[in-house]
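A.B. asks: Generate a structure from the sequence data that follows.
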Amino acid sequence: MNDEQVPVPGDEGFAASAEGRVSWHGYGDGTRTVHAGLPASEPGQPFLPGPVFAAPYHLDPEAGQGSNPNGYGRPDNPTRRALETAIGELEGGDCLAFASGQAAISALLLAVLRPGDGVVLPTDGYFPVRAFATDTLAAMGVRVEFAPTVGPYPSFEGVRLLLLETPANPGLDVCDVTELAERAHAAGALVAVDNTTATPLGQRPLDLGADVVVASGTKALTGHSDLLLGYLATRSAELLDTLRSWRATTGSVPGAFDSWLAHRSLATLDLRLARQSANAAAVAVALRERADVSGVRWPGLADDPAYPVASRQMRRVPGVLGFDLGDAERVTRFLRASRLVFAATSFGGLHSSADRRAQWGDDTSAGFVRLSCGVEDTADLVADILSALDAAA
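C.D. replies: Prediction:
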């Protein structure tokens, strides 16, 4: 991975567009996440202002909303705008926040695709997105195609949108965003990348050639397992206007308190990811040594199939890994024996958690486990997992 924790090109324009704000270009990840989206310092005011709870706002009796940015709470909320500024600085684009990751990706698909358009989605990506495509998009007359994250990919002729998910959830395969973006753009297609697993500190798809980033902020981005959030980020003013209009019309916005919680949580993203990634590396190595565990996947392992691309493309590897315990019963015994790993279906939180993905309809084996490493002490987590595996044998 790239060990230099410095932003890649793209920060300058977005920092300069925020009036009165300092440009954080050239600073490391920790500094950027702590300061992302904060207002200019003002004596007597908090670092991060509290959430603004409002449905309507006072309007000028004569001019109405006029030049005031706040008119009605669905399209307008200063707390949400501050969060969008913060995420936009990290992704290197302009951001729109949504009520969930699924709301964000559904907005992209429905706002961009029309009957007769083609869309290519990952066969090994987030299951609800695949279900939405086959149940809703296909019924609208959209031509839906699927391709594994590692390929092969179909011809992009006649394709309106290529959606990539890298690293893929839950299998953790990685694709070359730059190469696929070049191919798709040559055919006239837009390219979107689901950046949920990597986070903007792991990779910045807009710098790799993608037109739009979509992600769930529920997971590692906010990391406290206490809110639902999604977002889109792009450098295209035209696409941003289309997506903003769609959001205002459909109303899939996050509430003020969730937006504030998310912004508060961003400050520790660099610290959380560092510990989670270190834990995942240690757990993956330990699991590789066990004969009763198979199919260990983590893109940071030098012999992992995803490593050649991940080592070029990603700035850090997330704290999520996969492995197989053979059957559902053994997974159950493992989870009951562990003291530190919670059974939960999300990932990226402070607490380590594991999920048997087959129970949710993912095309995985019955014993496949997606393990999300939290921020526990590395030695404690490894010891607990090994002990639980022994007990589950």
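
A.B. asks: name the helices or strands packed onto the helix or strand encompassing L163?
C.D. replies: The secondary structure element spanning L163 is strand 159-165 (assigned by DSSP states H and E). Strand 159-165 is packed against helix 101-112, strand 118-122, helix 177-186, strand 190-194, with contacts defined by 3 or more CB pairs under 8 Å, 6 or more residues apart in numbering; DSSP states H and E. Backbone N, C-alpha and C define where each C-beta goes, glycine included.

A.B. asks: Residues in contact with the third one: which ones?
C.D. replies: By that I understand helix 177-186. Residues from elsewhere that reach helix 177-186 (CB atoms under 8 Å, 6 or more residues apart in numbering): 153, 156, 159, 162, 164, 166, 190-191, 193, 203, 205, 208-211, 313.

A.B. asks: pLDDT averaged over the lengthiest helix in the chain - what is it?
C.D. replies: Taking DSSP state H as the criterion, the chain has its longest helix at helix 269-288. In this model, helix 269-288 has a mean pLDDT of 98.

A.B. asks: C-terminal to it, what's the next element?
C.D. replies: From helix 269-288 onward toward the C-terminus, using DSSP H and E, the following helix or strand is strand 294-297.

A.B. asks: What's the first helix or strand after that next one?
C.D. replies: helix 307-313.

A.B. asks: who touches that following helix?
C.D. replies: 1, 166-167, 174-178, 203, 208, 299-301, 304, 317.

A.B. asks: In terms of secondary structure, what does the longest helix of the chain contact?
C.D. replies: Contacting helix 269-288 under the criterion 3+ CB pairs under 8 Å, 6+ apart are the following elements: helix 29-35, strand 294-297, strand 320-324, strand 368-372, helix 378-392.

A.B. asks: element containing G37, please.
C.D. replies: Here G37, judged by DSSP H and E, is contained in no helix and no strand.

A.B. asks: separation between it and R330?
C.D. replies: Using CB to CB, to the nearest Å, we find G37 at a distance of 45 Å from R330.

A.B. asks: So for these two, which sits in the more crowded spot?
C.D. replies: Regarding G37 and R330, a neighbour count based on other CB atoms under 10 Å identifies G37 as having more, with 22 against 19.

A.B. asks: Give me the most central residue, the protein.
C.D. replies: Among the residues of the chain, T196 comes closest to the average C-alpha position under CA atoms, centre = their mean, at 1.6 Å.

A.B. asks: R81 contacts G73, doesn't it?
C.D. replies: No. In terms of CB atoms under 8 Å, R81 does not count as a neighbour of G73; the distance is 12.0 Å.

A.B. asks: What is the burial count for D207?
C.D. replies: 17.
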